[in-house]
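Participant: Structure for the following, please:
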Amino acid sequence: MKNRLLLCSAGLALVFAVASTQADEKAKKVTRVKCVVAGKEIDLVKAVAVKYRGASAYVCCNNCKGKFEKDSSPFATKANHQLFLTAQAKQVKCPIAGRKADPSKSVRISGVSVAFCCGNCQGKASRLKGDAQLAVAFADIAFDKGFEVKKKSTK
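Facilitator: Just a heads-up that it's a prediction; the model follows:
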């Protein structure tokens, strides 16, 4: 009986530890981002904002801002990722299939957890690396299927 009680207590402690870690992760405020044009890491407070999808993408300088404003398409995947990283966009569906995302089918992609609808989509994302993995979740087509930019409040 003592062993079962001890096992249940350990299980509950693990559940609370995971929930606490997830809450802490969501509560962390992003203070540094990578310039979506140059790839240079920058402090968010020093970054130059550029309008993108009704929100702000961040770049390191006015030169990068000009390049982004002239043609954002080469930088779209990284800008979409940045919108999610900075909590300006939220995930609403699986970015591959466009179906309801299952949080238990998540993959860590460039510092953020992205949920997929099934093991097949999760497997596809987890097998990829680097820019290919980033693209499977944040290229324009995937972003349009799985994410939406949060509406700014008009107070």
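Participant: residues contacting the closest residue in space to C94 that isn't next to it in sequence?
Facilitator: Nearest non-adjacent residue to C94, counting by Cβ to Cβ, 6 or more residues apart in numbering: C117, 3.7 Å away. Every C-beta, even on glycine, is put in place using the N, C-alpha and C of the backbone. C117 makes contacts with K93, C94, I96, A97, R99, K100, A101, D102, K105, as judged by Cβ atoms under 8 Å, 6 or more residues apart in numbering.
Participant: Relative to the longest strand along the chain, what are the paired strands and their orientations?
Facilitator: Longest strand in the chain, counting residues (DSSP state E): strand 102-109. Here strand 102-109 is paired, per DSSP bridges, with strand 112-116 (antiparallel).
Participant: Any buried residues in the partner strand, and which?
Facilitator: Judged by neighbour count (16 or more other Cβ atoms under 10 Å), strand 112-116 contains these buried residues: V112, V114, A115, F116.
Participant: Then stretch 127-144?
Facilitator: Buried residues in stretch 127-144 (16+ other Cβ under 10 Å): L128, Q133, L134, A135, V136, A137, F138, A139, A142, F143.
Participant: Give me the subset of these that lies in helices.
Facilitator: Mapping the buried residues of stretch 127-144 onto helices (DSSP state H) picks out Q133, L134, A135, V136, A137, F138, A142, F143.
Participant: Switch these over to TSV; also include distance to A49.
Facilitator: Shown next, in TSV, are these (distance: Cβ to Cβ, whole Å):
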residue	distance to A49
Q133	26
L134	21
A135	24
V136	27
A137	23
F138	19
A142	24
F143	19
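Participant: Widest-spaced pair of the residues you listed?
Facilitator: By the measure Cβ to Cβ, Q133 and F143 form the most distant pair in those, at 14.1 Å.
Participant: Check what pLDDT V30 gets.
Facilitator: The model reports V30 with a pLDDT of 88.
Participant: got a pLDDT number for K155?
Facilitator: Value for K155, per-residue pLDDT: 52.
Participant: Start at 34, not 1
Facilitator: Right, with 34 as the first residue, what we last looked at is K188.
Participant: one step back: reformat the buried residues of stretch 160-177 as CSV; add pLDDT.
Facilitator: Output for the buried residues of stretch 160-177, formatted as CSV (pLDDT from 0 to 100):
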residue, pLDDT
L161, 97
Q166, 97
L167, 97
A168, 97
V169, 97
A170, 98
F171, 98
A172, 98
A175, 98
F176, 98
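Participant: out of these, who's nearest K84?
Facilitator: Among the buried residues of stretch 160-177, and counting by Cβ to Cβ, the member closest to K84 is F176, at 16.4 Å.
Participant: Much appreciated, bye for now.
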